[in-house]
Structures are given as C-alpha cells and as structure tokens.
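In: Starting from these lines, generate the structure:
(chains A, B, C and D)
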2 protein chains.
Amino acid sequence: MAGRVITIKDVAEMAGVSKATVSRVMNNSGYVAAETRRKIENIMETYDYMPSTLAVNLSKQETKVVGVVLPEIENTFYSDILHGITQVADELDLSLVLFDTQNNLEREKKAFRVLQQQKVRGIILGPSVDYPETEEGRELLARLKEYSVPIVIIDRDFANMPWDAVLYENYQCSYQAALELYKAGNRKMAVITGDMDMKISRDRLEGFRKGLEDCGLTLQEEDIYYGDFLIKRSYELSMELLSRKELPDAVYTSNNQTTLGFLKAMNEKRMVIGEDIALMGNDRIETLDILGIPFSCVYRDNYEMGRMALRLLQERVKHPKKARNICMIPYQVKLKGSEKRKKK
Amino acid sequence: MAGRVITIKDVAEMAGVSKATVSRVMNNSGYVAAETRRKIENIMETYDYMPSTLAVNLSKQETKVVGVVLPEIENTFYSDILHGITQVADELDLSLVLFDTQNNLEREKKAFRVLQQQKVRGIILGPSVDYPETEEGRELLARLKEYSVPIVIIDRDFANMPWDAVLYENYQCSYQAALELYKAGNRKMAVITGDMDMKISRDRLEGFRKGLEDCGLTLQEEDIYYGDFLIKRSYELSMELLSRKELPDAVYTSNNQTTLGFLKAMNEKRMVIGEDIALMGNDRIETLDILGIPFSCVYRDNYEMGRMALRLLQERVKHPKKARNICMIPYQVKLKGSEKRKKK
DNA sequence: GTTATATATGTAACCGATTTTATGATCCAT
DNA sequence: ATGGATCATAAAATCGGTTACATATATAAC
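Out: Model (predicted):
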C-alpha cells in the first residue's frame, strides 16, 4: 500500500465510471446500480481508498470538527471535563481541535480566529474570565456575538449571554455546604474566595453567606479572604487566617486550587484537617480521598459536564433555532469528618 | 461585519485586481506594487477578510495541524504532557487535533485513520501498549510504518522503532531510586510494577533490581508485586504486601497510579508513610508535596516532555531525512523523609 | 537603439471532493 | 404506441484558495 495516495479520480477511472458515481456510492446519495456499487466498493477496498477530508470539507463547506477552548488543561477540573468531551466526540465521530489559553485573553482571541477560519461545527468554551468585567472582554464578547458558529459555555454564566451553557448551581452548592457544616456542629466559618470579578465566585460567596444566615449565623467581613482561585494567593491568605488568635471552626475553599493553597498553609502551620479545623472545598481532590483525609467537598461531576457540553453543542447544531439551553450539572455535598472537634 | 463571509474573489473585485494578486499579497510571494499591496491590505482590513483554511489546505495539500494521540488525558502524567504540547503549538502557530484513546487500540486505529485523511503535519503518539507485544499491535505497527506522516513517540521505546521519541531513562531512574533508598538506610525493599508487557515497566524493575544488587542486596521474587499501572490492581497488591508479617523497609511504586493504589492500602491499614514504611514512586504527586507527606519520588518533567515532543516533530518536518532523534528528558530522584525509621 | 532583466499583474489550471443539470434507458400505465 | 415516472450515469460547475505560465511595462546594460 506504499506509494501514491489514491484519489476519487483514480477510483473512477479504474471502475470505468465518473467521479460523480463514486461520490454517490460513498455518500449513499442518488441512484447507483447494484453491480456498479459493488465494483466501485471493491476497488476502494483493494486500494485502501480514503477520501481526502480536505477536499470534502471544502466542497461541503463544513467540517466534522469541534473547537475546544479551555483556560488551563493542567488543572484536573478541566482535564476531567476534556475527558468527557473526548468520550462523546468519539461516539459522535467528531474531531476536536484543542486550545489551551492559559487564562490569556489574547490566546483566546487567536483560538476563535483560527476556529472561525476552519469552519468548525461549533465551539466549547471555558472562558478565562467573565467577559463583561473588562473593556477587552466586552470587545471580545461583542465580536463573539456576531459569530455564526454555535458556542457552548462551560462553567460561566455572564449576564445576557446568548449561548448554551453547562453550569453548576454555585449559589446552591455553597448554600448547602454552609448548612452541612452547620449541621456538623461548626459555628464560626471562614471563606477563601476565588476571583471576585467572576460571577461564579460571587455566587459561591453569597450562597455560603445566605446558608449561614439561614442557620442564624452571620459571615463576618474579616472571615472572608478574597483570593483568585490560585494556589499561591490562597496559601498566603490561609497563612494569615491560620495566624489569627481565634481560629474558625471550618473553612470553605472555593475551588480545588484554593483548597490546595489552604492545605499547604495547614501543613506549614503543622495543623491537621479535621482536628484543628474543618475543611470544605469545592471539588473533590482524589488524592485526599485516597489518603483518608477528612476533607468535605462539594462533589461535582466534571466528566459529565464535559459530556453534556458536547451533547448540547450537537443539539444546537441540529436545531439552530431552538431556545437557549442551560444545563445544570448535579452536585453533591459530601461530608467527611467535618464535625466540630472537641479538641478545639 | 455581520452577513456573508468575504472570499478572495470579493477582495479581488473590490480592489480591481485578480485573485492571484491578492494571493501574492497574503503570501508575500512574487511581485506586488507597493500601492496595490496597500489598497488590497486596506480592503482586507475593512472587511475583516480571513482566507478559508479549508481552501488553503486543499490547494497547498498541507495543513498546520498536528495530531495528538494520548491514552488517558485524565491522568496528570498525560495532561501535563498535553499542557507542554499546547504551549509549543501556540508558539509555532500549529493547531492540535486531540484523540484520547482510553487505552483502546481500536480508538487508536481510528485516530490514525482520521489524521491520515486530514493530512496532518505530524503526530505525537502516546501508545496505549507496546505494539510488538500483541498480534493486533504488530499489525498496527506494520501499518504505521507505511505511513508517510512524521510521528514522535512519547514514553515508549519498542525495539526497531523507526520514529523519533521523547523518553525517560527508566532503567537509570529506578537504579538511582534504589541507591537513594539504600543510602537512606533501607535494606528490605519491595516493588509494585506496572504492566510487564511494557518495556518501560520491565526497565524500571530491572533498574531497581540492579541498583539493589550494586548495593549488595538482592530483590527477592516475593517482593515483586506484578501490577498493571492502575490504582485498583496496585491497591490489591498493596493490601497483600501490607498483610505480611515482615514488612519491607521501603516500597517502590512504578507510576503515579501505582503510588495512589499503595497509599489507599496504607490508609486502609492505618499505616503511615515514613513511619511504618518508606515510599518512593515514579512521578511526583503535587498534593502529597503540599501535604508535606514524606513521599520520595523520581521527579520527571512531563511538561517539558510535551514541549520537547512537539519540537522534535517540528524538527522532523523540516528535515525529513535526518537520523532518528531520541530525546531523553532529565529526571531527579527527590528524597523526602525516606530514612529508615527507628519505629520499625 | 536594441536586448536583457526586473517588476507587476492577469489567465487558467489545479487541489479532490460534491452537486446540479443533462441525457439515456427502462418500465408502466393508458 | 406514447407520455411520464423511475433508474443510472456522465458532464460540468463549484468550493476558495495557490501557482505555473503568459504578458506587459519599466529599467538597466551594452
């Protein structure tokens, strides 16, 4: 099978028919005599003919490609989502073009440009920031709205967003997290937030605050540590927090990185989760489970989030006119040894 | 800018020139008068013209796309590699088409087929298995060898492999790991291996064995636990291991999943790393570092491995005839509290 | 002043498929 | 027998670029 690649023209000539007939065979379109079909299929088989995707794409003016634009694939949150996306892509016979923007708006723009030129079927987008919050972001947002390619947004929900999205109910997650911590006996809570320029972050804070209020507690301003969803800042804030004379009973961390930053500080302070302080975080951290560390979390099915994102996109491609589709991914608050300890 | 998409024909007509001239402007090929160029560029600018990648690909008979085929992106080992690849892809203005094969040979084959039809520049491949070990694998191997697309292999090194590769020196890694454990005072060691159908796994075992021998020790057959690189099996083997009357001083685990399986068993047996037993594993596990757990490891720069893979591929595309390129990624054995404890 | 060379642009073929249109048969039904 | 479906295939246009070749003018060299 080495040597030159066979084209439709070669197949047609060998079969003694026109290119059109070969094309009809491949696409099962129009009429083809049974015998002609057999002959052509035989030739395709023996010469291992594969139609050029490049040519098909151009003539059909469409591709079987979906663009995936994520802010940080090295974060398990996103690599789990990506895993889900790849599964469904395999099922639907779609190819994925991946862009890892590393939270860089310029790279995000570049990704859109490339994907637009490629005439992708659609785009799954995990935005680095909430676009409406910055001038640059609003510009990009405006441009994206002109875009004819279907887009599904992951884990962001900015106002007046015209696109389908897969989301978590951040407010409710945090609300329930607060309740569970309370039920376990904790009374004094602190929060390490994510980037307050992001709605998901504000929602998590407000949900937690409301949860405490409905338990008759008040989240004090000095118990809110404003972070940025990254380990480093969370660590710094946690060191502050853990240096206080009066420690809170429990701390709520806003994402997996925030949790890790807090754990780093705990280790440095030689403190133990579940003894000195209870910890509840957004997102499970597999290693902590394995180690049996009493880390409570809002468990969220990120793999399913990825699967759902591509399914929504497919749905949108089929029915471009249907109403906007928002899919809420289920979550579960998992309590693990976050009872208030006597030791405190 | 809403409405129809502009093509080269439109640009040419508006500028009052031929398509060829517009093409020459875009590609900086041939002669174009300064003024003509300006006029054309102006029009392209105002109408936000973007050449159709589909058409460019077909006429040039090449793409700016690299295929990435990985066995399990949800494993941080591979998502870190992928991260490295995406970085270099951005630098080189290449697009990535991603396939996650989930260790499924059928999906691997499918990926190759799709990529072949797409005329990708090259492929970065993390094979699910060592192809020469199975009939199916040998078939695939044979077919791949007929393939004209450049391939760079990640983390596998099977005999007579004709492709460039980025590898770790598994034998040496393990050899040195053994030495370091010995230096720290450990005498009785056990190993949990990966899949013995894979050379990387055999190399790790043999390197470790040789390391011990050069320290005057012998790795006993009953201290070798033959696993498969997955958490589950490693956990089962570890439970066996930890149920022995005589525990070894140290255990060497062959990859991150193997390590996690062992840790799970340790937790279940209420045993503590660095007290009951020392642990040395292949690959760092970030969370363990953060928690300050005395987990020694062969630290390997997977991000760099990804970067290097794409660089090698680019090199190969530029110089198809050059001799085969094997790149060894540096590693470091990091000892963290693996001294033999008195407690034992 | 002619010839060679560099500059500038247009024409048309080409990449490899799809798709519209056209053209013959064949098969019925009336 | 004839008009109208149904079936089968071919020819040619098309998708949106690139590129080899042709043509024309300006400039330089002899």
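In: all strands of the stretch 101-250 of chain A, in order?
Out: A:122-125, A:151-154, A:164-167, A:189-192, A:224-225, A:250-253 (DSSP state E, counting those that start in this stretch).
In: so which of those strands gets nearest DNA strand C?
Out: Closest approach to DNA strand C among the strands of the stretch 101-250 of chain A is made by strand A:122-125 (19.1 Å; C-beta to the nearest atom of the strand). Every C-beta, even on glycine, is put in place using the N, C-alpha and C of the backbone.
In: hmm, the closest one in reach of chain B?
Out: No: applying C-beta under 8 Å from any C-beta of the partner chain, one finds strand A:122-125 separated from chain B by no less than 12.2 Å.
In: could you give the mean pLDDT of that strand?
Out: Averaging pLDDT along strand A:122-125 gives 98.
In: Give me the sheet partners of it and which way each runs.
Out: Counting by DSSP bridges, the strands paired with strand A:122-125 are strand A:65-70 (parallel), strand A:151-154 (parallel).
In: what separates A:Thr253 from chain B, distance-wise?
Out: 13 Å (C-beta to the nearest C-beta, to the nearest Å).
In: you'd agree that residue is up against A:Phe262?
Out: Yes: A:Thr253 is in contact with A:Phe262 according to C-beta atoms under 8 Å; the separation is 5.2 Å.
In: Which neighbours do these two have in common?
Out: Contact criterion C-beta atoms under 8 Å, 6 or more residues apart in numbering or on different chains; residues shared by A:Thr253 and A:Phe262: A:192, A:234, A:279, A:281.
In: Check the residues you listed against DNA strand C and report the nearest one.
Out: A:Gly281 (50.6 Å).
In: what would the shared contacts of A:Thr253 and A:Phe262 look like in a markdown table with distance to chain B?
Out: Shown next, in a markdown table, are those (distance: C-beta to the nearest C-beta, whole Å):
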| residue | distance to chain B |
| --- | --- |
| A:Ile192 | 15 |
| A:Ser234 | 11 |
| A:Leu279 | 12 |
| A:Gly281 | 12 |
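In: out of the residues you listed, who's nearest A:Ala15?
Out: Sorting the shared contacts of A:Thr253 and A:Phe262 by how near they are to A:Ala15, with C-beta to C-beta, puts A:Gly281 at the top with 63.6 Å.
In: and A:Arg324, how many neighbours?
Out: A:Arg324: 10 surrounding residues under other C-beta atoms under 10 Å in any protein chain shown.
In: if I look at the nearest residue to A:Gln117 once chain neighbours are set aside, how far off is B:Thr46?
Out: Nearest non-adjacent residue to A:Gln117, counting by C-beta to C-beta, 6 or more residues apart in numbering or on different chains: B:Thr53, 4.3 Å away. According to C-beta to C-beta, to the nearest Å, B:Thr53 stands 21 Å off from B:Thr46.
In: before we move on, what about A:Asp276?
Out: Counting by C-beta to C-beta, the gap from A:Asp276 to B:Thr46 is 64 Å.
In: between these two, which one's more packed in?
Out: Shown here are A:Asp276 and B:Thr46; by other C-beta under 10 Å, A:Asp276 has more neighbours (15 against 11).
In: Tell me the predicted confidence for the more buried one.
Out: Reported pLDDT for A:Asp276: 95.
In: what's the spacing between it and A:Met26?
Out: Computed as C-beta to C-beta, the A:Asp276 to A:Met26 distance reads 68 Å.
In: And for A:Ile285?
Out: Relative to A:Met26, and taking C-beta to C-beta, A:Ile285 is found at 49 Å.
In: Mind checking which of the two has more residues around it?
Out: Taking neighbours as other C-beta under 10 Å, A:Ile285 and A:Met26 compare with A:Ile285 leading, 20 against 16.
In: list the contacts for the more buried one?
Out: A:256, A:259-260, A:295, A:297, B:287.
In: ok, the residue in the stretch 51-200 of chain A that DNA strand D sits nearest to - how many residues close by?
Out: Relative to DNA strand D, the nearest point of the stretch 51-200 of chain A is A:Ser59 (3.5 Å; C-beta to the nearest atom of the strand). Residues within reach of A:Ser59, counting by other C-beta under 10 Å, total 11.
In: how about it, secondary structure?
Out: A:Ser59 falls in the helix class when you classify it by DSSP: H, G, I helix; E, B strand; the rest coil.
In: Straight-line length of stretch A:129-139, end to end?
Out: 13 Å (C-alpha to C-alpha, to the nearest Å).
In: An error on my part: the question was meant for stretch A:281-288.
Out: Using C-alpha to C-alpha, the two ends of stretch A:281-288 sit 12 Å apart.
In: Any buried residues in it, and which?
Out: A:281-285, A:287-288 (16 or more other C-beta atoms under 10 Å in any protein chain shown).
In: Can you get me the centre-to-centre distance for it and its chain?
Out: 16 Å (C-alpha atoms, centre = their mean, to the nearest Å).
In: tell me the mean pLDDT for that stretch?
Out: Rounded mean pLDDT across stretch A:281-288 is 97.
In: And stretch A:137-146, by the same measure?
Out: Per-residue scores along stretch A:137-146 average to 93.
In: what does stretch A:106-116 give?
Out: 97.
In: Need the contact partners of it.
Out: A:67, A:69, A:97, A:99-101, A:123, A:127-128, A:140, A:143-144, A:147, A:149, B:50, B:53, B:90, B:95.
In: any idea how far DNA strand C is from A:Val5?
Out: Separation of A:Val5 from DNA strand C (C-beta to the nearest atom of the strand, to the nearest Å) stands at 7 Å.
In: Just list the residues touching that residue, thanks.
Out: Counting by C-beta under 8 Å, 6+ apart, A:Val5 has contacts A:Met50.
In: So A:Ser95 versus B:Val114, what's the distance?
Out: Taken as C-beta to C-beta, the span from A:Ser95 to B:Val114 is 6 Å.
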